[in-house]
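Peer 1: A structural model of the following input is requested.
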Amino acid sequence: MKRLINILALIIAAVQINAQSTYNVIPMFSPELAGTARFVGMGGAMSALGGDISVMGTNPAGIGIYRSNDFAASLSLRTLDTKADFLGSSISSDNTNLAFDNIGIVFSGNIGAESLKFINVGINYTRRNNFRKEFAMNGWYADEEDNNLYSQQYQMQNLYDRCLPDLGNITSDSYWNPRYAWLPLLAADAGLIENDETIKYLPTDATFFSDDKGGVDEVDFNISCNIDDRLYLGATIGAQYVKYERYSNYGEYDYEGTIYTLENWHKTAGSGIDFKLGAIVRPFEYSPFRLGLALHTPTFYHLTDYSSAYIAGPDEGDGYREMATYWPEAFGEDYRVEYDVTSPWRMNLSAGYTFDNFLALNAEYELVDYSTTNMEYVDGTEMPDMEDEFESNMKTQHILRLGAEMRLDDNFSMRFGYNYISSAFRDDAWKYISPSSAITATDYTNTKDTNIFTLGLGYRGKSMYFDAAYQCAMQDADFFAYKDPEVSLPATKVSYFQNKLVFTVGVRF
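Peer 2: Down below sits the predicted model:
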């Protein structure tokens, strides 16, 4: 079997092996509720009202509302509590981190023309996504129909049978044509599976742990205008920087101790660019009622994945048989692949109304179809497996945002917000590993609908202002350590509860 592992190293150098998954890229597409404390306090529902630096990322026309210059910077304190329930076993994890969420500036130019009132420009940095999260679960897997013990080794064996039907006939001259999945090769060399298709080690317990780090940072460049105080137009160019790191460890055990452990390291790094166009119109001359429309082009990402894995399986003697996908003598580094991703279009419709400078209301609806995501290698080679996976796993996401701001007096305001975000995953979504895949991390999570509640307070002085906001986000998910299409495995029921405080200081001049 060691000969096959050496052949694998040659295959890596010779051909492109699919190493991507729906679950690697989807989290970076959907921005979290982040920005200034005023924006967060209103649930991000400001696309028709405008007048806040963060709105250039949702409706660029909202910057056209400005009649003076504005500078703002924000810090946040975030706590994420994760609870995993699996067949009566419950484990909780939590993370707390401080982040620099926003810094931006808007320059307002009074044109003084008869129709063209203002031309405004702005630049804003936002911590678009925060991936920091720890997760743990334990329990034994069983088939839902007959409750028999089950193991990830079955998935390894099935892949082994699909991609290596004539294992004994492989020679050093044949590596240019076939592409072999990494996972069954690792498992075979670690002594977990063999040609007789038998599973020698059935677990009585299993554990999983993962640690995610990184995020997506975005810088928006905006230009907008005010026409007759009735029509506001804007455009934003967004530049994104992606950095994501993940470590995971899955282990199976029996009454005698450890059967095997499988560790995975993964990193994604890259950048993206998108364009946003927006408009706000007051359809009635003497009414404060506003309608907003924004269209976001796909984000065009150029990404690089780095991955490696390590497995330690049972030996007939003392100790373990070990194998890793990192061979400095073979190719000098972890597995590495560059590729391009085109995210879906986004459309935002909004409506806003103000009551005598006392109460402002905004409601908006956003639509994005994740099944239209496209991926290809940097040389233009398509990834048909990925296109099929997006179409079968993903669906249209619906986002509703509601926000309100109430002035308590000349200086103080109170804000409220609510978000409903439907799941982007189909109910039967699962992580497919093809016979030509370099994927060795088999776990995946299908997130469900999200509900976000926000509350904010603000103080406005002559030029300085201070805002604070609290955000509470709740989401459920189904986690699977692995998936074999031949059986129906129970999901680990996961609940996420996020608390976030945002503080903003700004000055208008």
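
Peer 1: ok, and what's touching stretch 218-232?
Peer 2: The contact list for stretch 218-232 (Cβ atoms under 8 Å, 6 or more residues apart in numbering) reads 31, 50, 56-57, 60-65, 104, 106, 115-126, 128, 233-241, 276, 279-282, 285. Where C-beta positions appear, they are placed from N, C-alpha and C, glycine not excepted.

Peer 1: just the buried members of these?
Peer 2: 31, 50, 56-57, 60-65, 104, 106, 117-120, 122-126, 128, 233-236, 238, 240, 276, 279-282 (16 or more other Cβ atoms under 10 Å).

Peer 1: of those, which belong to helices?
Peer 2: Judged by DSSP state H, helices contain none of those.

Peer 1: in strands, which of the residues you listed fall?
Peer 2: Judged by DSSP state E, strands contain the following of the buried ones among the contacts of stretch 218-232: 104, 106, 117-120, 122-126, 128, 233-236, 238, 240, 276, 279-281.

Peer 1: end to end on stretch 130-140, go ahead and measure it.
Peer 2: For stretch 130-140, the first and last residues are 31 Å from each other (Cα to Cα, to the nearest Å).

Peer 1: roughly how far is it from the heart of the chain?
Peer 2: Counting by Cα atoms, centre = their mean, to the nearest Å, stretch 130-140 is centred 15 Å from the centre of its parent chain.

Peer 1: what does it contact?
Peer 2: Outside stretch 130-140, the residues touching it (Cβ under 8 Å, 6+ apart) are 27, 32, 34, 78, 80, 82, 84, 86-89, 91, 93-95, 97, 99, 149, 203-215, 244, 479, 481, 492, 494.

Peer 1: so of the residues you listed, which ones are in strands?
Peer 2: 78, 80, 82, 84, 86, 89, 91, 93-95, 97, 99, 205-215, 244, 479, 492, 494.

Peer 1: average model confidence for stretch 280-299?
Peer 2: Taken as a whole, stretch 280-299 has an average pLDDT of 96.

Peer 1: ok now that stretch, how far from the chain's centre?
Peer 2: 29 Å.

Peer 1: just stretch 97-114 next, same as before
Peer 2: The answer for stretch 97-114 is 27 Å, by Cα atoms, centre = their mean.

Peer 1: spatially nearest residue to residue 56 (excluding sequence neighbours)?
Peer 2: Closest residue in space to residue 56, ignoring its immediate chain neighbours: residue 222 at 4.1 Å, by Cβ to Cβ, 6 or more residues apart in numbering.

Peer 1: measure the one you found to residue 199 for me?
Peer 2: Separation of residue 222 from residue 199 (Cβ to Cβ, to the nearest Å): 58 Å.

Peer 1: more neighbours, those two?
Peer 2: Looking at residue 222 and residue 199 with other Cβ atoms under 10 Å, you find the greater number of neighbours at residue 222, namely 27 against 15.

Peer 1: who does that one bridge with?
Peer 2: Beta bridges link residue 222 to residue 122, residue 236 when assigned by DSSP bridges.

Peer 1: only the buried subset of the ones in strands among the contacts of stretch 130-140, as a PyMOL command please.
Peer 2: A single PyMOL command selects the buried members of the ones in strands among the contacts of stretch 130-140 (16+ other Cβ under 10 Å):
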select buried, resi 78+80+82+84+86+91+93+95+99+205+206+207+208+209+210+211+212+213+214+215+244+479+492+494
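
Peer 1: what's around the closest residue to residue 105 other than its chain neighbours, how many residues?
Peer 2: Counting by Cβ to Cβ, 6+ apart, residue 71 is the residue found nearest to residue 105 once chain neighbours are left out, at 4.6 Å. When neighbours are counted by other Cβ under 10 Å, residue 71 registers 15.

Peer 1: just the pLDDT for residue 71.
Peer 2: Note for residue 71: predicted pLDDT of 98.

Peer 1: for it, which three-state class applies?
Peer 2: Using DSSP: H, G, I helix; E, B strand; the rest coil, the structure places residue 71 in strand.

Peer 1: where does the chain have low pLDDT?
Peer 2: Low-confidence segments of the chain, defined by pLDDT under 70: 1-19, 141-148, 163-180, 194-198, 315-334, 485-488.

Peer 1: now do the helices in it.
Peer 2: 2-14, 22-29, 37-41, 152-163, 182-189, 384-393.

Peer 1: of those, which is nearest residue 408?
Peer 2: helix 37-41 (13.5 Å; Cβ to Cβ).

Peer 1: what packs against that closest one?
Peer 2: Under the contact definition 3 or more Cβ pairs under 8 Å, 6 or more residues apart in numbering; DSSP states H and E, helix 37-41 sits against strand 412-421, strand 444-460, strand 464-480, strand 492-508.

Peer 1: let's have the ones you listed in JSON lines, adding distance to residue 364.
Peer 2: Listed next are those as JSON lines, based on distance: least, Cβ to Cβ, whole Å:
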{"stretch": "strand 412-421", "distance to residue 364": "10"}
{"stretch": "strand 444-460", "distance to residue 364": "14"}
{"stretch": "strand 464-480", "distance to residue 364": "17"}
{"stretch": "strand 492-508", "distance to residue 364": "20"}
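
Peer 1: of all those, which one is nearest residue 356?
Peer 2: strand 412-421 (14.3 Å).

Peer 1: quick one: contacts for residue 407?
Peer 2: Residues in contact with residue 407 (Cβ under 8 Å, 6+ apart) are 357, 358, 359, 413.

Peer 1: hmm, the last one is touching residue 457, no?
Peer 2: Pointing back at residue 413 there. Yes: under the criterion of Cβ atoms under 8 Å, residue 413 makes contact with residue 457 at 7.2 Å.

Peer 1: partner residues bridging residue 277?
Peer 2: residue 235, residue 295.

Peer 1: what about it, how many neighbours?
Peer 2: By other Cβ under 10 Å, 16 other residues sit near residue 277.

Peer 1: can I assume it is in contact with residue 60?
Peer 2: Yes: the pair residue 277 and residue 60 passes the contact test of Cβ under 8 Å, sitting 6.6 Å apart.

Peer 1: which residues do these two both contact?
Peer 2: 234, 235, 294.

Peer 1: now residue 41. Nearest residue, chain neighbours left out?
Peer 2: Leaving aside its sequence neighbours, residue 41 sits nearest to residue 456 (Cβ to Cβ, 6+ apart; 1.9 Å).

Peer 1: what's near enough to touch the one you found?
Peer 2: Contacts of residue 456 (Cβ under 8 Å, 6+ apart): 37-38, 40-42, 414-417, 467-470.

Peer 1: cutoff 7 Å now
Peer 2: If you count contacts by Cβ atoms under 7 Å, 6 or more residues apart in numbering, residue 456 has them with 37, 38, 40, 41, 42, 415, 467, 468, 469.

Peer 1: would you quantify the distance from the most centrally placed residue in the chain to residue 99?
Peer 2: What sits nearest the mean C-alpha location of the chain, by Cα atoms, centre = their mean, is residue 27, with 1.1 Å. Distance, residue 27 to residue 99, using Cβ to Cβ: 16 Å.

Peer 1: circling back: just the buried ones out of the contacts of residue 407, please.
Peer 2: For these, buried by 16+ other Cβ under 10 Å: residue 413.

Peer 1: the contacts of residue 407 in strands, which ones?
Peer 2: 359, 413.

Peer 1: circling back to that earlier point, now for the contacts of residue 456, which pair is the farthest apart?
Peer 2: Greatest spatial distance among those (Cβ to Cβ): 42 and 468, at 12.9 Å.

Peer 1: that concludes my questions; thank you for your assistance.
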